[in-house]
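Asks: Need a 3D model of the sequence below.
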Amino acid sequence: MLIIVDKRLSSEAQKELTHYGEVLLFGTEHITYEAVSCHPDVFICFLNGKLIVAPNCPDEIIRKFSDNGIQFLTGVKPVGGLYPESALYNATITDNLLIHNLNFTDKSIFENAPDLKHINVNQAYTRCNLLHITENNFITSDRGIEKKIKAHGFNVLYVNPEQIVLPGFNHGFFGGCCGKHKNCLFINGNLKFIQEEENVRELCHLLKFEIIELTKKPLFDIGSILFIQEEEDMND
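Replies: Numbers count the residues shown, from 1 in each chain. From the prediction side, this is the model:
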């Protein structure tokens with residue numbers, strides 16, 4: 001198991017993650033905003049058994065994929081320096097849905113998701129803002145996304161983003177603090193620092209998800225925690 005995280009992730013959180021797989025630190029320079037330059041979900045998109053990476057994803061990440069037999073597709077456009085070009089791959093994708101600002105989604109994602117239902121939202125940092133727990137249950141930090149997803153009949157829990165740390169911006173987003181593997185929800189921080197703590201715990205309990213808090217500190221947006229299994233078939 002490879003676990004890809006922002007290279008600035010605290011040593012405490014890194015140590016906790018080593019119990020679940022090999023931690024691979026992700027970082028770039030002079031490509032996009034400093035605040036999100038090391039966020040893996042800005043450069044890597046999971047699409048139902050396929051892994052799509054931006055063409056300017058760091059070489060060391062590509063080499064690691066090759067060394068571990070992880071197959072991937074290369075996207076069309078590179079991640080850009082300014083929004084929304086910095087959010088081309090930051091889509092939320094489930095078994096049946098592609099949720100993103102579809103005006104900016106990289107062409108490679110459309111080409112490899114012909115059967116998915118498309119839901120267009122204004123926020124192009126969709127993956128940072130919208131975490132899907134199960135196919136019908138989501139957590140978001142964006143009121144516009146919340147309204148749109150509810151209109152499609154899904155259950156959505158809102159978490160106020162002002163409680164989440166992201167240096168360089170006024171705040172981060174809940175989805176960017178999290179990673180999901182099997183029936184576990186990993187969170188970079190401790191839920192006691194958000195007002196919606198009990199709501200999050202109740203939802204995860206209802207869905208039989210275990211919550212694993214990686215630190216005892218406030219939630220910190222690191223551009224998601226990406227779990228990649230070497231044995232997964234990601235054929236082109």
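Asks: Tell me how many other residues crowd Gln71.
Replies: 14 (other C-beta atoms under 10 Å). (C-beta placed from N, C-alpha, C; glycine too.)
Asks: Torsion angles phi and psi at it?
Replies: Taking degrees, to the nearest 10, you get phi -80, psi 150 for the backbone angles of Gln71.
Asks: confidence score at it?
Replies: Per-residue pLDDT puts Gln71 at 90.
Asks: Phi, psi for Phe65 please.
Replies: In terms of degrees, to the nearest 10, the main-chain angles of Phe65 are phi -60, psi -50.
Asks: can I assume it is in contact with Phe72?
Replies: Yes. Judged on C-beta atoms under 8 Å, Phe65 makes contact with Phe72 at a distance of 5.6 Å.
Asks: Give me the more crowded residue out of these two.
Replies: Looking at Phe65 and Phe72 with other C-beta under 10 Å, you find the greater number of neighbours at Phe65, namely 22 against 18.
Asks: Next one: that one from Asn136, what distance?
Replies: The gap separating Phe65 from Asn136 is 31 Å, by C-beta to C-beta, to the nearest Å.
Asks: swap in Asp221?
Replies: 25 Å.
Asks: Show me which of those two is the more surrounded one.
Replies: Neighbours per residue (other C-beta under 10 Å) separate Asp221 from Asn136, with Asp221 holding more: 27 against 14.
Asks: Need the residues touching each of Phe65 and Phe72.
Replies: 51, 53 (C-beta atoms under 8 Å, 6 or more residues apart in numbering).
Asks: So which residues of this protein form helices?
Replies: Assigned by DSSP state H, the chain shows helices spanning 11-17, 40-43, 59-67, 107-111, 126-129, 143-151, 197-206.
Asks: Which one of these lies nearest to Ile164?
Replies: The closest of those to Ile164 is helix 126-129. By C-beta to C-beta, the value is 10.0 Å.
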